[in-house]
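Colleague: Kindly generate the corresponding structure for this input.
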Amino acid sequence: MTTPQLDFERARFNMVEQQIRPWDVLDQQVLDLLLRVHREDYVPEQYRALAFSDMEIPLGHGEKMLPPKIEARMLQELGLESSDRILEVGTGSGYMTALLASLGNHVYSVDIISEFTQSAAAKLAAHGIINVTLETGDAARGWDKHGPYDVIVLTGSVPVLPEAFQKNLKPGGRLLAVVGESPVMEARLITCVSAGVYNSVVLFETCITSLKNAPQPERFVF
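Modeller: Now for the predicted structure:
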């Protein structure tokens, strides 16, 4: 009879092979990391059985964890280096924070909900992940406190992308954000080519939960 732990290992393997590889995530460093960092340890207890499902998992306060394939694709597209200083907007469960910290030099992660900051801090510490600075605050319009950054990633969508984020990139820096409104949003990778010069590429279409207090587009009133 298999133990629950072995079931988790099988589910983790299946997540990588059946969800993540088919989504064009083929970077071996990223795939190895997903097998190594235990997603179930960051999922709310009542949803642990769904830790490897292709879905957004509720975290409370109207927030959700991203589906595994989107987390994996984001990691791959950012091309993280061991020297990277990273800003994560939306700590949530702390799982993406753990993945980013495993590949980069230091992660500054901000969440508007203090309960998430505290919970993530405990989980990351329990796993010996110490190259993180967790802060509670509203970073939906930017967070230049520790900038400029090599990498910025928004884990919630924004209807419009504030310019403050790209202005806070170092030359060569990358910004990944999901921009738009339901039902059509697109994941964009913006690279700072040189001071004040940016290149933007649309990676894929998706639909994820919006960041709280994200700036709204101007509406025409007739």
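Colleague: Distance-wise, check residue 154 relative to residue 22.
Modeller: Residue 154 sits 25 Å away from residue 22, taking CB to CB, to the nearest Å as the criterion. C-beta: built from backbone N, CA, C; applies to glycine.
Colleague: So between those two, which is more surrounded?
Modeller: Neighbour count, other CB atoms under 10 Å: between residue 154 and residue 22, residue 154 has more, with 26 against 9.
Colleague: and the more buried one, what is it in contact with?
Modeller: 89, 90, 165, 176, 177, 178, 211 (CB atoms under 8 Å, 6 or more residues apart in numbering).
Colleague: Mind doing that once more with 10 Å?
Modeller: Residue 154 is in contact with 74, 87-90, 139-140, 161-162, 165, 175-179, 187-188, 208, 211, 214, counting by CB atoms under 10 Å, 6 or more residues apart in numbering.
Colleague: Could you do residue 116 as well?
Modeller: Each residue near residue 116 by CB under 10 Å, 6+ apart is listed here: 59, 60, 61, 63, 90, 91, 92, 93, 94, 109, 134, 136.
Colleague: Any chance of the backbone angles for the residue lying closest to the fifth one once chain neighbours are set aside?
Modeller: If the residues on either side of it in the chain are set aside, residue 90 comes closest to residue 155, at 3.7 Å by CB to CB, 6 or more residues apart in numbering. Reported as degrees, to the nearest 10, the phi and psi values for residue 155 are phi -90, psi 0.
Colleague: Residue 155: neighbouring residues, count only.
Modeller: Neighbours around residue 155, by other CB under 10 Å: 28.
Colleague: Also the one 5 residues further on?
Modeller: Residue 160 has 13 neighbouring residues, counting by other CB under 10 Å.
Colleague: Residue 144 now?
Modeller: Neighbour count of residue 144, defined by other CB under 10 Å: 13.
Colleague: For the remainder of this discussion, apply numbering that starts at 57.
Modeller: New numbering, starting at 57: the last item is residue 200.
Colleague: separation between it and residue 211?
Modeller: 18 Å.
Colleague: do residue 130 as well
Modeller: Distance from residue 130 to residue 211, by CB to CB: 8 Å.
Colleague: what touches both of the two?
Modeller: The overlap between the contact sets of residue 130 and residue 211 (CB under 10 Å, 6+ apart) consists of 122, 152, 232, 233, 234.
Colleague: Please, where are all the helices along this structure?
Modeller: For the chain, applying DSSP state H gives helices covering 60-70, 84-92, 124-134, 151-159, 170-182, 219-223.
Colleague: Helix or strand with the lowest mean pLDDT in the chain?
Modeller: Least confident helix or strand, the chain: helix 60-70 with a mean of 84, by mean pLDDT, DSSP states H and E.
Colleague: Enumerate every residue touching the residue nearest in space to the middle of the chain.
Modeller: Central residue of the chain (CA atoms, centre = their mean): residue 211, 4.2 Å from the mean position. Applying CB under 10 Å, 6+ apart to residue 211 gives the contacts 119-122, 126-127, 130, 144-149, 151-153, 165, 167, 232-234, 264-265, 267.
Colleague: Can you list which of the residues you listed are found in strands?
Modeller: Here DSSP state E is the test, and the contacts of residue 211 give 119, 120, 121, 144, 145, 165, 167, 232, 233, 234 as lying in strands.
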